[in-house]
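Undergrad: Show me how the following folds:
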Amino acid sequence: MTARRKAVFLRAAEQDLVRLGQDDPDLPRLALGKIRDLESGAVEGERLHEMAATGDLSECRKLYFGKGSPPTHRIVYRDLQDGGVEVLEIIAIEARQDLYAYLLAAVRLGRLPPESDRRYTRVHQEVIKRRSARRTRRS
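TA: Numbering: from 1, shown residues only. A predicted model of the protein is given here:
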């Protein structure tokens, strides 16, 4: 008998979906579709590794989604066990550009190396600025 799989979201990952939906209403739908596929076992993410820029995310996996080739966004999650249920903890759902999804995951798990703080802050501010500019143009 195979274990059941259930996705649970960090609160911050839920907020990622809201922000992505403000950028493009299709992105949350695409992400949730991939997460349903993950729960059903139809797809499996690729294991992440320790990287100087993002710290040790080796217990996490990434799943691609989005528009374009390569897909524009990533879901970062990790497998946890809760009795007979495999819990898929969704940590970050964000853009691939500038390692943003991985930087967010490292921050949320408390694993961002101190030497990467400046990089994370710079990338985070750039993302906020780009999103604000897009929303202003649409208004």
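
Undergrad: Skipping adjacent residues, who's closest to residue 78 in space?
TA: Leaving out its chain neighbours, the residue that sits closest to residue 78 by C-beta to C-beta, 6 or more residues apart in numbering is residue 60, at 4.6 Å. (Glycine included, C-beta is placed from N, CA and C.)

Undergrad: One more: residue 88?
TA: Excluding the flanking residues, the one nearest residue 88 by C-beta to C-beta, 6+ apart is residue 7, at 4.5 Å.

Undergrad: repeat for residue 47
TA: Computed as C-beta to C-beta, 6+ apart, the closest residue to residue 47 that is not its neighbour in sequence is residue 61, at 5.6 Å.

Undergrad: quick one, strands of this structure?
TA: Remark: strands of the chain, listed N- to C-terminal, are 4-9, 46-47, 50-51, 55-56, 60-65, 73-82, 85-95; assignment by DSSP state E.

Undergrad: So which of these is nearest residue 21?
TA: Minimum separation from residue 21 across these (C-beta to C-beta) falls at strand 85-95, 10.6 Å.

Undergrad: now for the closest one, which elements pack on it?
TA: Secondary structure elements in contact with strand 85-95, counted by 3 or more C-beta pairs under 8 Å, 6 or more residues apart in numbering; DSSP states H and E, are strand 4-9, helix 11-23, helix 26-40, strand 73-82, helix 100-108.
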